[in-house]
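Here is a sequence with its predicted model. Questions after.
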Amino acid sequence: MDYRLDELGDWDDRIVEVAKKFGLDWFDIEYELIDSTSMIGAMAFHGMPVHFNHWSYGKSYERTRHSYDAGVEGLPYELIINANPSLAYLMRENPLYLQVLIMAHCVGHSDFFKNNRQFRDTRPDTIIGRSRAAKKRIQSYVENVHVGIDKVEEVIDSCHAVQFQGLQPGWIRRTRKEIISAHIDEKERDSEHTADLDFDKNPLEPDYDILGFIAENAKLPEWKKDIIEVCRDEGQYFWPQIQTKVMNEGWASYWHYTILHELNLPTELHVPFIKSHNQVIRPHVGGLNPYHIGFEMFRRIKERHGIEECFLAREVHRDTSFIHQYLTREDCEDLGLFTFSEKSSGAVTIDDISDDDGWKHVRDILVRNVGGGSIPVIFVTDVSKANTLSLEHEHDGRDLLSSEALETVKHVAALWGNPVSLQSIVNGKTHYINV
Amino acid sequence: MSVFKEHKTNADRVASDRRRHNSKIEKAIREGIHNIVADESIIGQSGKKKFRIPVRGIKEHKFVYGDNGERAGSAPGKDIQRGQKVGDNSKGKGGKPDKASNEKGEEWYDVEMTLDELAQYLFDDLELPDLQKKQLTNISNDKLKRSGYRTDGIQPRLDRKKTAIMRIKRMKASEFVPEEAEEGETFPFHEEDLRYRHFKLKQEPCTSAVIFFVMDVSGSMTQDKKFLARSFCFLMYQFIRTKYENVEVVFVTHDMEGRIVDEESFFTVATSGGTCASTGLQVVNETIESRFHPSSWNIYVFHNSDGDNFDSDNGDYLKEHAEIVDSAQLFGYVELEPDRSFDYGDIKLSRLLAPRAGGKTRCVKICDKSDVWGAFKEILGGVKETP
């Protein structure tokens, strides 16, 4: 360490001062200095200081450890969790200039957590307590002779398979009661144009929340229901971060860049800072770097519409709507955006590029690939008399990978405890997976 | 004002999760081991040598899209055109990727283990009923062990010293003193002084084994077939190695003529001639006779062939086979037939041996890599794996 802990405090004071001047509004931050091994451990638990146990976190640990040891990838310099106060980890081996950069970056993230609309139901005040309580309960099931670790693991395996299903942007889950009363209201207003509601049906309207639906409708022992709810809650907690990856990283990068320029860093800190910054926001040729796209977009929005517009965007948007609204033809071209796909020959070729004809299509494909757009949309349509759970895939031109779909449906069936059927489209034809 | 603190050292929060993950990986190793062993060089490896073995990761399933969707990428400042080729997935699909993980999230771990550990994984949980009892009982070696003295026996086993002592004892007892004895008076050996060394027949397990790998190297044996043979031999060697203290391996190749070769040429040499399989077995019989007497060696013979043989040689083959079976623990016949579909109706060696199969003679067929493990189990246990 080329600095003392109180030096970080001094830098923090200056960062706080500058950030407040710019109008950032964030949760208090608790920084913990951490070594690389603990960092890998923290990453396995998504930064949660306490988390229930499951073998998949061991796998995640091994994978990170392996690529870190092999030098394939470095560890993130920072890890911050959406909590109030926000908990952030700083790697002890980072040089001073990097810690300063990261602290400014964390302020950006924390501001985003606190103000972005997608996060409003994540309950950051209680997340750490919830996580701790869940760990205790799940541990008690593991120790329960009638349950045990194997059964607990199986249920968590299955929950993880569909954990991020069912959180559709703009879709609000309504209870039966709410649907029925809304229907009655509507009927009173305009009885002619209101379609009849089949009250025997369950669910009354498509339900995207697969775990929620199972927890409410399957006959489950309490411990199983509890685990399903824990995983569902966790899915909902992390979902906004998935939905706003580009924006969140772009926002944090925009602010560490802006704040550090205000700090009048001495040259020996400024030069390496610029180098690190460029490293973070460099484009990944062939792929997409959310830091790069997000940073460039906020920079351009500021230039075009002023900083107020940036603050508005960080409040109301998620990646899909953000890109749709702000990414211009010029941006697409500057970012070198293109689309590609694998042809039947196995060759991967470019389909469209960001010129006059192509940029809108490129943008729309980008929108489909960010913010959780790579997670297929699946919803519950029906439960039959024989208790078969019917799922349907909302096909948007992309086929499901059938081998994975089959295994995932098996997981759903394991939770549901009765047959499950998934309807999808493969190669243009309706396709069913029945388990 | 932010708060700074040192992270409490709880680096091993994930320890229990890692243990659970590792035990799953181990299970995967056991289940997938037959795919793993196929590439390794066979024999002469010390048990301590480390191998890096690729193991398919424990997959977490999710709904994901297949390949038919259009995706977005970026290449700022690069001159890109529609139709430009940016990748190729036509080759190398399905195999083990070079990278730690490929696009579809198929993950591989490199697990490092020694040959000994590998053998443990392979064979510890092997459920082969009566495997050891039936097939791998160490043949007993009748050994004579000294077991005290007896008063009767055969002349060659007379123990002079003991006999002399017995005579002296008797002399003392009779108070005969040679110094005081009168002229001509002696104290001769008596019948009851005689002591014979006694031997008991003791059965000692024999802890040596010799494995004969016989390979058809005639023109019809392609590299594919030899590759399959190699995997099989590897498994067999490793398994037998775990059961005996001392294992020797003899490699025999044959085309029209049998010969002893080294491991390297065993798997690489190819000749263009026809096949007289009996010549290979003949070499085995000769070697057994000169070097590996069945009383002190457990003998295993494995014949790898594609089944083609000159009709005129079949009689000799059966004769040599009968002789081997007399002295060997096990004769395994492995027919390598990557082209499942072809059958010219020739008499294959497997058909020739079929009436003798069961007991010490086991015949299996290996068509591709996935058959190796099943064939291995079948030969050892007579257990047919249900696919």
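Great, that's in hand.

got the buried residues for the helix or strand where residue A:361 lies?
In this structure, residue A:361 is located in helix A:359-369 according to DSSP states H and E. Within helix A:359-369, the residues scored as buried using 16 or more other C-beta atoms under 10 Å in any protein chain shown are A:359, A:362, A:363, A:364, A:365, A:366, A:367, A:368, A:369. Quick note: C-beta positions are derived from backbone N, CA and C, even for glycine.

I'd guessed residue B:333 sits against residue B:364; true?
Yes: Residue B:333 is within contact range of residue B:364, at 7.3 Å (criterion: C-beta atoms under 8 Å).

if we can go back for a sec, close to chain B, is the helix holding residue A:361?
Yes: under the criterion of C-beta under 8 Å from any C-beta of the partner chain, chain B is reached by helix A:359-369 at A:362, A:365, A:366, A:368, A:369.

From the contact counts, what lies against that helix?
Packing partners of helix A:359-369 (3 or more C-beta pairs under 8 Å, 6 or more residues apart in numbering or on different chains; DSSP states H and E): helix A:319-326, helix A:329-334, strand A:337-342, strand A:347-353, strand B:71-74.

can I get those in a markdown table with mean pLDDT, distance to residue B:278 and mean neighbour count?
What follows is these, written out as a markdown table (pLDDT from 0 to 100; distance: least, C-beta to C-beta, whole Å; neighbours: other C-beta atoms under 10 Å in any protein chain shown):
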| stretch | mean pLDDT | distance to residue B:278 | mean neighbour count |
| --- | --- | --- | --- |
| helix A:319-326 | 94 | 74 | 20 |
| helix A:329-334 | 92 | 76 | 17 |
| strand A:337-342 | 89 | 55 | 23 |
| strand A:347-353 | 87 | 53 | 19 |
| strand B:71-74 | 87 | 62 | 23 |
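
Compile these into JSON lines and extend it with columns for distance to residue B:377.
Below are the helices and strands packed on helix A:359-369 laid out as JSON lines (distance: least, C-beta to C-beta, whole Å):
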{"stretch": "helix A:319-326", "distance to residue B:377": "53"}
{"stretch": "helix A:329-334", "distance to residue B:377": "60"}
{"stretch": "strand A:337-342", "distance to residue B:377": "40"}
{"stretch": "strand A:347-353", "distance to residue B:377": "42"}
{"stretch": "strand B:71-74", "distance to residue B:377": "45"}
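
So the spatially closest residue to residue B:251 that is not a sequence neighbour versus residue B:223, what's the distance?
Distances taken as C-beta to C-beta, 6 or more residues apart in numbering or on different chains put residue B:266 closest to residue B:251, at 4.0 Å, once the chain neighbours are dropped. Using C-beta to C-beta, to the nearest Å, one obtains 13 Å as the distance from residue B:266 to residue B:223.

between these two, which one's more packed in?
residue B:266 (25 against 11; other C-beta atoms under 10 Å in any protein chain shown).

secondary structure class for residue B:271?
coil (DSSP: H, G, I helix; E, B strand; the rest coil).

swap that for residue B:147, sorry
Residue B:147 is classified as strand under three-state DSSP.

just checking, it touches residue B:196?
No: Residue B:147 lies out of contact with residue B:196 (C-beta under 8 Å); the separation is 11.5 Å.

give me the residue from the stretch 301-435 of chain A nearest chain B.
Distances between the stretch 301-435 of chain A and chain B by C-beta to the nearest C-beta are smallest at residue A:346, namely 2.6 Å.

surely that residue meets residue B:87?
No: between residue A:346 and residue B:87 there is no contact under C-beta under 8 Å: 9.1 Å.

Residue of the stretch 201-350 of chain B closest to chain A, please.
Closest point on the stretch 201-350 of chain B to chain A, by C-beta to the nearest C-beta, is residue B:224, at 24.2 Å.

correct me, but residue A:381 touches residue A:208?
No: counting by C-beta under 8 Å, residue A:381 does not reach residue A:208; the two are 10.8 Å apart.

near chain B, which residues of the stretch 201-350 of chain A?
Within the stretch 201-350 of chain A, the residues that sit near chain B (C-beta under 8 Å from any C-beta) are A:283-289, A:292-293, A:334-342, A:345-350.

let's go with 7 Å and repeat that
A:283, A:285-288, A:334-342, A:345-350 (C-beta under 7 Å from any C-beta of the partner chain).

before we move on, the earlier item: okay, residue B:147 and residue B:196: which has more neighbours?
More crowded of residue B:147 and residue B:196, by other C-beta under 10 Å: residue B:196, with 18 against 12.

For the nearest residue to residue B:287 once chain neighbours are set aside, list the residues it contacts.
Spatial nearest neighbour of residue B:287, excluding adjacent residues (C-beta to C-beta, 6+ apart): residue B:250 at 6.0 Å. By C-beta atoms under 7 Å, 6 or more residues apart in numbering or on different chains, the residues touching residue B:250 are B:210, B:212, B:260, B:287.

any idea how far the helix holding residue A:361 is from the chain center?
Here helix A:359-369 is found 19 Å from its chain centre; the criterion is C-alpha atoms, centre = their mean, to the nearest Å.

I'd like to know which elements the host helix or strand of residue A:155 is packed against.
Using DSSP H and E, residue A:155 sits in helix A:149-161. The contact analysis (3 or more C-beta pairs under 7 Å, 6 or more residues apart in numbering or on different chains; DSSP states H and E) places helix A:149-161 against helix A:127-143, helix A:222-243, helix A:402-416.

buried ones in the shortest one?
In terms of neighbour count (16+ other C-beta under 10 Å), helix A:402-416 has its buried residues at A:404, A:405, A:407, A:408, A:409, A:411, A:412, A:413, A:414, A:415, A:416.

What confidence value was assigned to the third one?
Think residue A:407. You'll see residue A:407 listed with a pLDDT of 91.

Who are the contact partners of it?
Residue A:407 makes contact with residue B:61 under the criterion C-beta under 7 Å, 6+ apart.

before we move on, what about the second one?
For residue A:405, the contacting residues are A:422, A:424, A:433, B:63, taking C-beta under 7 Å, 6+ apart as the criterion.

again, 10 Å this time
The neighbours of residue A:405, taking C-beta atoms under 10 Å, 6 or more residues apart in numbering or on different chains as the test, are A:376, A:378, A:391, A:393, A:399, A:422, A:424, A:426, A:431, A:433, B:61-66.

which of the residues you listed has the most neighbours?
Sorting the contacts of residue A:405 by how many neighbours each has (other C-beta under 10 Å) puts residue A:391 first, at 27 neighbours.

Doesn't it belong to a strand?
Yes: inclusion of residue A:391 in a strand is indicated when three-state DSSP is applied.

And the spatially closest residue to it that is not a sequence neighbour, how close does it get to residue A:157?
In this structure, residue A:391 finds its nearest non-sequential neighbour in residue A:422, 4.5 Å apart by C-beta to C-beta, 6+ apart. Taking C-beta to C-beta as the measure, residue A:422 falls 18 Å from residue A:157.

try residue A:285
As for residue A:285, its distance to residue A:157 is 36 Å (criterion: C-beta to C-beta).

In terms of neighbours, single out the busier of those two.
With neighbours defined as other C-beta under 10 Å, residue A:285 and residue A:157 compare such that residue A:157 has more, 18 against 13.

Tell me if I'm right that that one and residue A:54 touch.
Yes: judged on C-beta atoms under 10 Å, residue A:157 makes contact with residue A:54 at a distance of 8.1 Å.

Right, I'll call it a day here.
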